[in-house]
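Engineer: need a 3D model of the sequence below.
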Amino acid sequence: MTTLVFGHKSPDTDSTGSPLIWEWFLNHTGFDAKAALLGEPNTEAKFVAKRWGFELPDVIEDVSDDQSCVIVDTNNPAELPGNINNADVLAIIDHHKLAGGLETKNPINITVRPLACTATIMHQMMGTHADHMPEGVKGLMLSCILSDTLAFRSPTTTEMDKELAEKLAADLKVEIEKYAGEMFEAKSDVSAFSDAELLRMDSKEYGVDGKKFRVSVLETTAPNIVLDRKASLMTEMPKVAKEDKVDEVLLFVVDILKEEATMLIPNDMVKGVAQKSFAAQVDGDSVVLPGIMSRKKQIIPALKV
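Structural biologist: Sure, this is the predicted structure:
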């Protein structure tokens, strides 16, 4: 049976690129593997795949009983296919905190390391096989790291991530800031997406103090493109929350260049979350949070109701 490799729903660059990277590695080492996606990738991920010569993997709705698979860039059942506990999960490769709730048929290999990017972990796991990576796979790996670290601006960045990215860029003769700028420009082009699609584009579900939130982060070098749609986005938030069976949608628009986030405040509950979580003074329908760039390291751990 072909082993499927996939990341989380609402695929970003890491959750699109890492399945392709691990597909290459498993096939390179004698296994039959195929990358898959659990949703439509964002514009940056599409740009990266095209830039390095890859077709986007097929989008799958669910997995069948006993389907062998490797999970990357998440371990949270809420971000995975509904039937995941009946699949045959062989391994998990991730850089997020343990969420709990996954069940497996057999003991499995789990690799979770405190690095900024799943692709960095994969490089470590490959050992000397990494020396055989073709140019396209190296390009994916570089792109994943630059995306997850926001070109080393994110507080999640480690020296291991940075050193690997610099080595890959040198091998590929790529100028990091120039290429990262092209990636971020692609990510900033959200004109074709509806408000609901934007709210789900890069989002994760988290429970906090008995409340369930969809925490959405839009990283951009042109925040006004999103913030100009503030009124319609806030109108759409309760609709998305109801459809997705969560209490609220929390939207953070991260300005990559200014290194700050703007949080939209559609109601009193979200206002209270902003005040309690970030000691923010909220006077209107949005609040700027200086220095906030990482959902994993700065937003999720801080959330209070």
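Engineer: in the stretch 1-150 of the chain, which spans are strands?
Structural biologist: 3-6, 33-37, 58-59, 68-72, 88-94, 109-112 (DSSP state E, counting those that start in this stretch).
Engineer: mind listing what the most centrally placed residue in the chain touches?
Structural biologist: Central residue of the chain (Cα atoms, centre = their mean): D12, 4.6 Å from the mean position. Neighbour list for D12: P41, N42, E44, A45, S147, D202 [criterion: Cβ atoms under 8 Å, 6 or more residues apart in numbering]. Every C-beta, even on glycine, is put in place using the N, C-alpha and C of the backbone.
Engineer: where does the stretch 151-300 of the chain have low pLDDT?
Structural biologist: Scanning the stretch 151-300 of the chain for pLDDT under 70 picks out no residues.
Engineer: tell me which of the contacts of D12 is nearest to P57?
Structural biologist: Ranked by distance to P57 (Cβ to Cβ), the contacts of D12 are led by P41 at 8.9 Å.
Engineer: shouldn't the closest one be in contact with H8?
Structural biologist: No: with contacts counted by Cβ atoms under 8 Å, P41 stays clear of H8, the gap being 11.2 Å.
Engineer: now the common contact residues for those two.
Structural biologist: S15.
Engineer: could you give the number of residues near K46?
Structural biologist: Number of residues near K46 (other Cβ atoms under 10 Å) recorded here: 17.
Engineer: can you check I225 too?
Structural biologist: 15.
Engineer: can you list contacts of the host helix or strand of it?
Structural biologist: Using DSSP states H and E, I225 sits within helix 223-227. Helix 223-227 has contacts (Cβ under 8 Å, 6+ apart) with S188, V190, S191, L198, L218, T220, L233, V253, V254, D255, T262, S286.
Engineer: out of the contacts of D12, what pair is the most spread apart?
Structural biologist: Most distant of the contacts of D12, by Cβ to Cβ, are P41 and S147, 11.4 Å apart.
Engineer: just want to know which of these two has more residues nearby.
Structural biologist: Neighbours per residue, other Cβ under 10 Å: of P41 and S147, the larger number sits with S147, 28 against 24.
Engineer: list the residues that contact the residue nearest to the more buried one when sequence neighbours are not counted.
Structural biologist: Leaving aside its chain neighbours, S147 sits nearest to T13 (3.8 Å; criterion: Cβ to Cβ, 6 or more residues apart in numbering). Applying Cβ under 8 Å, 6+ apart, we find T13 in contact with P41, N42, E44, A45, V48, S143, C144, S147, D148, M183.
Engineer: kindly give the local confidence score, pLDDT, for the second one.
Structural biologist: Looking back up the chat, that one is N42. With respect to pLDDT, N42 scores 94.
Engineer: next, count neighbours for D14.
Structural biologist: Residues within reach of D14, counting by other Cβ under 10 Å, total 29.
Engineer: ditto for the one 10 residues further on
Structural biologist: Close neighbours of W24, defined as other Cβ under 10 Å, add up to 23.
Engineer: thought it was touching E135?
Structural biologist: No: here W24 does not reach E135: they are 11.6 Å apart, not a contact under Cβ under 8 Å.
Engineer: can you classify V217 by secondary structure?
Structural biologist: When classified by DSSP: H, G, I helix; E, B strand; the rest coil, V217 comes out as strand.
Engineer: was I right to think it contacts R295?
Structural biologist: Yes: here V217 reaches R295: they are 4.8 Å apart, a contact under Cβ under 8 Å.
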